[in-house]
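**Student:** Take a look and give me a structure for this.
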Amino acid sequence: MLSVAIDVGPLHGPRTGVGNAVAWSIDELRRLGAAWGDEHEHGDAEAQPFKVQLLPYLTSMRSRVSPPTRRLPLPAAAAHRLWQRADRPHLDRWLGRPDLVHGTNYVVPPTRCPRLVSVYDCWFLEHPGDASPDVARAGEILRRSIGSGAHVVTSSQATADRLREFVPTDRLDVIHLGPPPVDATPSDAAMPSATPPRFGHLDGASFVVSIGTVERRKNVPSLVRAFGRLAAEHAQARLVVAGRPGDDQAEVDRALADLDPATRARVDTFGQISSEEKRWLLAHATALAYPSLDEGFGFPILEAQQAGVPVVASSAGSIPEVAGTGALLSAPLDTEALAANLHWVLTSDHQRQILIDKGTRNLDRFSWTTTARSYFDLYARLSAP
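**Tutor:** This next block holds a predicted model:
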């Protein structure tokens, strides 16, 4: 049996896009027959061409851990400071002496066996000044790990190409992720039966929604300025910004302050939202705006396409690769072009339907089953003698 130690740290704490990627990948690996920890029962032999045992681990002294998850013997901060300087200490014994170690969140611990590290975007490598000390440290560990032989897997070709500019390597594979599972996305069945109380004024309104942490990479100030440019032509339209505050909140507040009072009154900022509220917003939005400066994959694009919501996005990072023809794209800092694309979607039912239809067809390119099978193949290849 091939054993793979896999980092489940992203499953602990507030769930992020990386956390979802790891959770949904593991769910599908297990569905296709991967054993979990000490379990030895496997699924359909035809569904999985070889046996894999996943050995979950994390580097955290704060998170609550239950078997079969193993806690590495060092606090995360201390471990990362050590791994910045050297590929030691080797942790094979604490990892369960696996055939392969998969670090799912930019960092893979030192071991004597083959190592695989997941990279989702390169924003923190390109903009180190915007990175927190912990994230900057992870970037240094990533460089060291790749330099000492770790194999890389990215979630898009765009990220793979960008990574090679910062850390040249030929030990790299691209494995696309799948769309958010149906029960995690808006649908008539999943939609709340009643409008969430704080969304009452949005019921029946035409609104553009932005969903995600308000961080610099998401480029929300440009969206606010674009809405200011088209607001006069769409006197009833609203803009909804939903996501917990991040490192760009002050710039967003400045962009909002620059709007005239009547337009500012049509912009709603809700902060963090629940999964039920997100379902409601996507089920009722006129369009999803996704003007990011960089993306490693972009789950919200596929969420919107699953919900039948037109997507207006930037052409940065992996967005064209993931959105396919199911989005209107513009350069990430071209506010006028973003405003024009939003105007088109708000004005033309025909254009909205074209984007909805193309978005629905685009979803056929992504599957968690394909993702999991690709991981199985990669695990086997990297572990081969």
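
**Student:** all strands for the stretch 201-350 of the chain, in order.
**Tutor:** For the stretch 201-350 of the chain, the strands defined by DSSP state E, counting those that start in this stretch occupy 207-211, 238-242, 267-271, 287-290, 311-314, 328-330.

**Student:** right, and these - which one's nearest Pro179?
**Tutor:** Shortest distance between Pro179 and the strands of the stretch 201-350 of the chain, using Cβ to Cβ, is found for strand 311-314: 13.0 Å. Backbone N, C-alpha and C define where each C-beta goes, glycine included.

**Student:** ok, residues contacting that closest one?
**Tutor:** 208, 219, 287-293, 298, 301, 304-305, 319, 323, 326-332, 338, 341-342, 345, 355, 359 (Cβ atoms under 8 Å, 6 or more residues apart in numbering).

**Student:** Output it in PDB with nothing but the alpha carbons.
**Tutor:** C-alpha atoms of strand 311-314 as PDB (Å, rounded to 0.1, in the frame of the first residue of the first chain):
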ATOM      1  CA  VAL A 311     -19.300  36.800 -14.400                       C
ATOM      2  CA  VAL A 312     -17.500  40.000 -15.000                       C
ATOM      3  CA  ALA A 313     -13.800  39.600 -14.100                       C
ATOM      4  CA  SER A 314     -10.300  40.700 -14.800                       C
END
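
**Student:** From Ala283, how far out is Arg361?
**Tutor:** In this view, Arg361 and Ala283 are 20 Å apart by Cβ to Cβ, to the nearest Å.

**Student:** Then Leu302?
**Tutor:** For Leu302, the distance to Ala283 - Cβ to Cβ - is 15 Å.

**Student:** Which one's more surrounded, the two?
**Tutor:** Neighbour comparison, Leu302 and Ala283: the larger count goes to Leu302, with 24 against 17 (by other Cβ atoms under 10 Å).

**Student:** Contact partners for that one?
**Tutor:** Leu302 touches Pro179, Pro180, Val322, Leu363, Phe366, counting by Cβ under 8 Å, 6+ apart.

**Student:** What's the ChimeraX line that selects buried ones from these?
**Tutor:** Per 16 or more other Cβ atoms under 10 Å, the buried members of the contacts of Leu302 correspond to this ChimeraX selection:
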select :179,180,322,366
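
**Student:** possible to save the contacts of Leu302 as CSV with distance to Leu382 and pLDDT?
**Tutor:** Formatted as CSV, these follow (distance: Cβ to Cβ, whole Å; pLDDT from 0 to 100):
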residue, distance to Leu382, pLDDT
Pro179, 26, 97
Pro180, 28, 94
Val322, 25, 98
Leu363, 30, 98
Phe366, 24, 98
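
**Student:** In TSV, list the contacts of Leu302 along with secondary structure and distance to Thr269.
**Tutor:** Below are these laid out as TSV (DSSP: H, G, I helix; E, B strand; the rest coil; distance: Cβ to Cβ, whole Å):
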residue	secondary structure	distance to Thr269
Pro179	coil	27
Pro180	coil	24
Val322	helix	26
Leu363	helix	30
Phe366	coil	31
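
**Student:** Is it possible to get TSV of the contacts of Leu302 that adds distance to Ala265?
**Tutor:** Below are those laid out as TSV (distance: Cβ to Cβ, whole Å):
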residue	distance to Ala265
Pro179	35
Pro180	33
Val322	34
Leu363	36
Phe366	39
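
**Student:** quick one: which two of the contacts of Leu302 are the most distant?
**Tutor:** Pro180 and Val322 (12.5 Å).

**Student:** Okay, now the unreliable bits of the stretch 101-250 of the chain?
**Tutor:** Filtered on pLDDT under 70, the stretch 101-250 of the chain yields the residue ranges 183-193.

**Student:** hmm, 80 instead?
**Tutor:** 182-193 (pLDDT under 80).

**Student:** That one: helices as residue ranges?
**Tutor:** Secondary structure of the stretch 101-250 of the chain by DSSP state H, counting those that start in this stretch: the helices cover 123-126, 133-147, 157-166, 220-230, 249-257.

**Student:** Since that was my last question, I'll sign off now.
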